[in-house]
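Undergrad: Sequence and predicted structure, then a few things I'm wondering about:
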Amino acid sequence: MPKIIAAKVIVTCPGRNFVTLKIETSDGVHGVGDATLNGRELAVASYLTDHVIPCLIGRDAHQIEDIWQYLYRGAYWRRGPVTMAAIAAVDTALWDIKAKIAGLPLYQLLGGACRTGVMVYGHANGATVEETLENAAIYAAQGYKAIRLQSGVPGLKGVYGVSKDRFFYEPADGDLPTESLWSTEKYLRSAPGLFEAARDALGWDVHLLHDVHHRLTPIEAGRLGKDLEPYRPFWMEDAVPAENQASFRIIRQHTTTPLAVGEVFNSIWDCKQLIEEQLIDYVRATVVHAGGITHLRRIASFADLHHVRTGCHGATDLSPVCMAAALHFDLSVPNFGIQEYMRHTEATDAVFPHAYSFADGMLHPGEAIGLGVDIDEVEAAKHPYKRAYLPIARREDGSMHDW
Ligand SMILES: O=C(O)C(=O)C[C@H](O)[C@H](O)CO
Ligand SMILES: [Mg+2]
């Protein structure tokens, strides 16, 4: 059996922080897993180094399910983003090792390809509607079949989703959290106009998506969903904070705009009611934050029974290791919907050489064995950790809001 003989955590910051677990086996094979939790990176690094790695040494690397259960049940303290990102990193690295030993790209071990490629959506954003649509036209010209639209809100500075750079989005921009201003009224007045202008400019052959980023109440979300209906969005994402799953019933009662939710979910228990009651259309849980490939497959199988499709989170704070894992999952899962894709910078790609590639609006994980991604430790060492926080948002009267 391939025994786990060593494991280490590598923290690197090629423009943004990434946490990577590397596991080595007695067969001379190694695997990698992403453990990045934006703004709280070192908590996961410590969880792995101080609490998980000592328990891994000597175990059979092939026993992926047993090791998952051992780390989940064995901790006694269940769930939460830190625990589940750590478990995800172990799980992903073990799948990488298993596939390398089998001599196959990972998707073959997950049942083989269900489709020729993975449809992705890119991010078009801008301070104004015009700027957003100019950027959207560039994505359309590059062959993207789906584009997320986020635009500045007149009267508000620095809203979520509007980047300083045209194509690279990095919200964790401060040594301490930066503060932005929020007004639901101003946002609800401006968002439908973006979609109306987008259909005029881009036509109807491209999917359009939008991320509300947890900033509305259910009834406000119902109103926005209704206002967007004439423009047929592919989805409205994270319309409200989803801790209270039953609140999605209110949104559903008011709109047929498809609903996506779940980038902050860690486990199947975060979306059980949402899926069972068919309150959503897409579940956005992803490999790194939801316990790895093993647990994400469980969520997807459950979702499939209830006509819910996948739409994995794929922002740049998820490393290329997570992106590769997501693509193997996406290619093999029957109820795949769409995959988010924000390109990483050249510096990040140099740290994480990878086999996945983009063509005609689709990504493909490639045919390299395992995940088809690795970490170049020499490159990684050139970029030491730099503390960075996600922003926070306050309403016009100074009270805290969701960012
Ligand atoms: O990509 C998205 O849909 C996001 O909402 C991005 C998140 O804000 C980001 O991953 C937070 O770290
Ligand atoms: Mg989102």
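TA: Received it, and whenever you're ready, just let me know what you need. Numbers count the residues shown, from 1 in each chain. Ligands and ions are numbered 1, 2, ... in the order given.
Undergrad: Can you tell me which residue is spatially central in the chain?
TA: H313 (2.2 Å; CA atoms, centre = their mean).
Undergrad: tell me what the lengthiest helix in the chain is packed against?
TA: When the chain is parsed with DSSP state H, its longest helix is helix 81-102. On a contact count with 3 or more CB pairs under 8 Å, 6 or more residues apart in numbering; DSSP states H and E, helix 81-102 meets strand 18-25, strand 30-34, helix 41-46, helix 64-74, helix 106-109, helix 292-305, helix 320-332. In this view, the C-beta of every residue, glycine as well, is placed from N, C-alpha and C.
Undergrad: can I get these in a markdown table with distance to ligand 2 and mean neighbour count?
TA: Below are these laid out as a markdown table (distance: least, CB to the ion, whole Å; neighbours: other CB atoms under 10 Å):
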| stretch | distance to ligand 2 | mean neighbour count |
| --- | --- | --- |
| strand 18-25 | 19 | 26 |
| strand 30-34 | 17 | 29 |
| helix 41-46 | 19 | 20 |
| helix 64-74 | 25 | 16 |
| helix 106-109 | 25 | 21 |
| helix 292-305 | 17 | 21 |
| helix 320-332 | 15 | 29 |
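Undergrad: how about TSV for those, with mean pLDDT added?
TA: Formatted as TSV, the helices and strands packed on helix 81-102 follow (pLDDT from 0 to 100):
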stretch	mean pLDDT
strand 18-25	99
strand 30-34	98
helix 41-46	98
helix 64-74	98
helix 106-109	98
helix 292-305	98
helix 320-332	98
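Undergrad: mind putting those in a markdown table, distance to L188 included?
TA: Listed next are the helices and strands packed on helix 81-102 as a markdown table, based on distance: least, CB to CB, whole Å:
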| stretch | distance to L188 |
| --- | --- |
| strand 18-25 | 36 |
| strand 30-34 | 36 |
| helix 41-46 | 34 |
| helix 64-74 | 40 |
| helix 106-109 | 41 |
| helix 292-305 | 30 |
| helix 320-332 | 32 |
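Undergrad: List the contacts of the residue in the chain positioned nearest to ligand 2.
TA: Distances between the chain and ligand 2 by CB to the ion are smallest at D211, namely 4.3 Å. Residues counted as contacts of D211 (CB atoms under 8 Å, 6 or more residues apart in numbering) are R148, Q150, Y160, G161, E237, D238.
Undergrad: Name the nearest residue to the third one, sequence neighbours excluded.
TA: Beyond its immediate neighbours in the sequence, the residue positioned closest to Y160 (CB to CB, 6 or more residues apart in numbering) is H213, lying 4.5 Å away.
Undergrad: next one: the second one
TA: Spatial nearest neighbour of Q150, excluding adjacent residues (CB to CB, 6+ apart): G161 at 3.1 Å.
Undergrad: Now the closest residue to ligand 1 within the stretch 251-400 of the chain. Nearest residue, chain neighbours left out?
TA: Taking CB to the nearest ligand atom, ligand 1 has its nearest neighbour within the stretch 251-400 of the chain at A315, 3.5 Å off. Once flanking residues are discounted, A315 sits nearest to M342: 5.4 Å by CB to CB, 6+ apart.
Undergrad: where does the stretch 151-300 of the chain come near ligand 2, residue by residue?
TA: D211, E263 (CB under 5 Å from the ion).
Undergrad: swap the cut-off to 6 Å and go again
TA: Applying CB under 6 Å from the ion, we find that the stretch 151-300 of the chain lies next to ligand 2 at D211, H213, E237, D238, E263.
Undergrad: Verify the stated contact: L156 with T184.
TA: No: contact criterion CB atoms under 8 Å: L156 and T184 do not qualify, at 10.5 Å.
Undergrad: residues near the closest residue to E276 other than its chain neighbours, how many?
TA: Spatial nearest neighbour of E276, chain neighbours left out: H306 (6.2 Å); criterion: CB to CB, 6+ apart. The tally of other residues near H306 (other CB atoms under 10 Å) stands at 15.
Undergrad: One more: the one 10 residues further on?
TA: Using other CB under 10 Å, T316 has 23 neighbouring residues.
Undergrad: swap in P154?
TA: For P154, the count of nearby residues is 14 (other CB under 10 Å).
Undergrad: before we move on, what about H344?
TA: Counted with other CB under 10 Å, H344 comes out at 22.
Undergrad: and the gap between it and V118?
TA: Using CB to CB, to the nearest Å, we find H344 at a distance of 16 Å from V118.
Undergrad: And A326, by the same measure?
TA: Taking CB to CB, one finds A326 at 8 Å from V118.
Undergrad: who touches both of these two?
TA: Shared contacts of A326 and V118, defined by CB under 8 Å, 6+ apart, are found at Q339.
Undergrad: what's the pLDDT at the nearest residue to D281 once chain neighbours are set aside?
TA: Closest residue to D281 apart from its sequence neighbours, by CB to CB, 6+ apart: P258 at 4.0 Å. Looking at P258, its pLDDT reads 98.
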